[in-house]
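Engineer: predicted model and sequence below, questions to follow.
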Amino acid sequence: MLKIRLKRLGAKKNPSYRIIVINSTTKREGRPIQELGHYNPKTKVMQFDVATAQEWVKKGAQPTETVAYLMKNCNADGTLNYKKKETVKLSKKAQAKAQAEAEAKAAAEAEAKAAAEAPAAEEAPAAEEAEA
């Protein structure tokens, strides 16, 4: 069975990968059938021949999970369409503080809403008495 997978290159703690088509029983750094591109996860630089990869998939090659992700998030010219995450990870202490602030804000809004409704309810009976 043919696989489209990553071949690791680069130094220790500084990986870069080649995207290759290879027999599934061959070792990771074995000789590939065809090289489709390269990917550097540290700098998010990628050059990938998507059209050739899709032809290999039609022929029966199975992309790995990572390669399938790269194929899906690839621009037409073969570069990675990388979107930086907007969420910031917080420590447990910071999460607890943010949750407490959110609860206090919700309570203040509830009080303001109740206070806004109370005068309106008091004015309605007064208007009825004036008519009588």
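Structural biologist: Right, received. Where do you want to start?

Engineer: compute the first-to-last residue distance for stretch 39-59.
Structural biologist: 23 Å (C-alpha to C-alpha, to the nearest Å).

Engineer: and that stretch, average pLDDT?
Structural biologist: For stretch 39-59, mean pLDDT is 90.

Engineer: can you check stretch 72-83 too?
Structural biologist: The model assigns stretch 72-83 a mean pLDDT of 82.

Engineer: go through it and flag the buried ones.
Structural biologist: Neighbour counts over stretch 72-83 (16 or more other C-beta atoms under 10 Å) mark 74, 78, 80 as buried. To be clear about C-beta, it is placed using only N, CA and C from the backbone, and glycine gets the same treatment.

Engineer: show me those residues that map onto strands.
Structural biologist: Of those, none are assigned to strands by DSSP state E.

Engineer: need these in a markdown table (columns: distance to residue 38).
Structural biologist: What follows is the buried residues of stretch 72-83, written out as a markdown table (distance: C-beta to C-beta, whole Å):
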| residue | distance to residue 38 |
| --- | --- |
| 74 | 13 |
| 78 | 10 |
| 80 | 11 |
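
Engineer: please give me every residue in contact with residue 19.
Structural biologist: 4-7, 35-39, 48, 53, 67, 70 (C-beta atoms under 8 Å, 6 or more residues apart in numbering).

Engineer: narrow the residues you listed to those that are buried.
Structural biologist: 4-7, 36-39, 48, 53, 67, 70.

Engineer: still on that earlier bit, show only the entries of the contacts of residue 19 found in helices.
Structural biologist: Those of the contacts of residue 19 mapping onto helices are 53, 67, 70, per DSSP state H.
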